[in-house]
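A.B. asks: below are the sequence and a predicted model for it; my questions follow.
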Amino acid sequence: MISTLTSSTNGFNQSQIRLKIRSLQSQLVQWRRQLHQHPELGFKEVLTAQFVAQKLQEWGINHQTGIAKTGIVATVDSNQPGPVLAIRADMDALPIQEENEVPYRSLHHGIMHACGHDGHTAIALGAAYYLSQHRQDFRGTVKFIFQPAEEGPGGAKPMIEQGVLKNPDVDAIIGLHLWNNLPLGTLGVRTGALMAAVECFRLQIQGKGGHGAMPHQTVDSVVVAAQIINALQTIVARNINPLESAVVTVGEIHAGKALNVIADSAKMSGTVRYFNPVFENYFAKRLDEIIGGICQSYGASYELDYWRLYPPVINNAQIADLIRSVALDVVETPIGVVPECQTMGGEDMSFFLEQVPGCYFFLGSANPEKGLAYPHHHPRFDFDETVLGMGVEMFVRCVEKYCC
């Protein structure tokens, strides 16, 4: 049944979406809500993968399951020679208790789709279905990558290691993130770094405990920790070019068990984020230098555990231009395309973009008039489902333009 809705709030005109994709809107909403009610954490997306595989099988789309545990790769071949374009969608949810009072709220206690991955999966399914019915409209092959565990520990890298970009070899890859930081009817895209590298650290400081009235007999781990926290902020403030972007965050600290006792040890953890790949080895070295120097000056010892989670998401210029040109026909202009949209958030789409040219972009999904503007990872996160058809339209037009 074709929707009779022609417009919505925020000026988004649904006439930009072709009739055959608009006719899928009710199905897209149904799929998304089914997925939303049954969220699953990373590498545990068993029901989600079954749902996706069932739809692909119904439509006669070739696919492989069980890649990186719960991942799926599907191929839609035009039966004409041409390029191979991959479309990636992540499937996992978050360990958050949902607070939305909606009929489709999560049925799994303590787990929620609070980042829009249910929408990503529904959009990719819609694009796969539409393209399987319109193979004459493009050349080459479209490969759909349904990825587990984007929220952590990361499913992109193991999928790549298991060959998802091979057989046939992928020439380019695209993906989208529904984005409640932008209103419905807008799209954020840029050449170069879109999202930041994410690196993590845990630190344990070992001092010498004692009575709060006799600090001269101790090595106060809390004082040492305080000095370290302040000093770490100087890395960005005084060691990084002000024209570069980076952030060091200490998000957790634990020390002591009594108000009149000087704690013998303190623990802290945090993240480091940056856009420029030149900093890949810099922050680990600089943290160790600062922490080591402060601990030595106070007579404390330390153990630092530092690891890299995701590299920065860096978009290829040519594929970003493709997204931008398609977006001008889908979203409302002149403010519909936000050219310099960036965030210090991280995404393991970055691993795919290290292997092949591609572009990741943000699709505005917020609608404050409907109360759909809570931020990502909030227990009341939700989005305007009108964006689902818009996402399918974007993917389909990208395929038709790239695989021509």
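C.D. replies: That came in fine, so what should we check first?

A.B. asks: from now on I want contacts and neighbour counts done on CA atoms only, so please keep to that.
C.D. replies: Fine.

A.B. asks: surely Gln57 forms part of a strand?
C.D. replies: No - counting by DSSP: H, G, I helix; E, B strand; the rest coil, Gln57 falls outside a strand, being helix.

A.B. asks: sketch out the low-pLDDT regions of the chain for me.
C.D. replies: Along the chain, the parts satisfying pLDDT under 70 run over 1-13, 333-334.

A.B. asks: in it, which strand is the longest?
C.D. replies: Identified as the longest strand of the chain according to DSSP state E is strand 172-183.

A.B. asks: same for that one, what does it pack against?
C.D. replies: In terms of contacts (3 or more CA pairs under 8 Å, 6 or more residues apart in numbering; DSSP states H and E), strand 172-183 is packed against strand 84-90, helix 117-133, helix 349-355, strand 358-366.

A.B. asks: which among those is found nearest to Ala320?
C.D. replies: Closest to Ala320 of the helices and strands packed on strand 172-183 is strand 358-366 (CA to CA; 5.5 Å).

A.B. asks: now the angle from that closest one to strand 84-90?
C.D. replies: Relative orientation of strand 358-366 and strand 84-90, computed by axes from the mean of the first three to the mean of the last three CA atoms, to 10 degrees: 40 degrees.

A.B. asks: how about strand 358-366 as CSV, C-alpha atoms only?
C.D. replies: The C-alpha coordinates for strand 358-366 follow below in CSV (Å, rounded to 0.1, in the frame of the first residue of the first chain):
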residue,chain,number,x,y,z
GLY,A,358,34.1,4.8,0.7
CYS,A,359,32.0,7.3,2.6
TYR,A,360,30.1,7.2,5.8
PHE,A,361,27.4,9.9,6.3
PHE,A,362,24.8,11.1,8.8
LEU,A,363,21.1,11.1,8.0
GLY,A,364,19.1,13.5,10.1
SER,A,365,16.4,11.7,12.1
ALA,A,366,15.3,14.1,14.9
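
A.B. asks: got the CA coordinates for the following helix or strand past it in CSV?
C.D. replies: Later in the chain than strand 358-366, the nearest helix or strand by DSSP states H and E is helix 387-402. What follows is helix 387-402, C-alpha atoms only, in CSV (Å, rounded to 0.1, in the frame of the first residue of the first chain):
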residue,chain,number,x,y,z
VAL,A,387,13.8,8.7,7.7
LEU,A,388,13.7,5.0,6.8
GLY,A,389,12.3,5.6,3.3
MET,A,390,14.8,8.4,2.9
GLY,A,391,17.7,6.1,3.8
VAL,A,392,16.5,3.5,1.2
GLU,A,393,16.3,6.2,-1.4
MET,A,394,19.8,7.4,-0.7
PHE,A,395,21.3,3.9,-1.0
VAL,A,396,19.4,3.0,-4.1
ARG,A,397,20.3,6.2,-5.9
CYS,A,398,24.0,5.8,-4.9
VAL,A,399,23.9,2.3,-6.5
GLU,A,400,22.3,3.5,-9.6
LYS,A,401,24.8,6.4,-10.0
TYR,A,402,27.9,4.4,-9.1
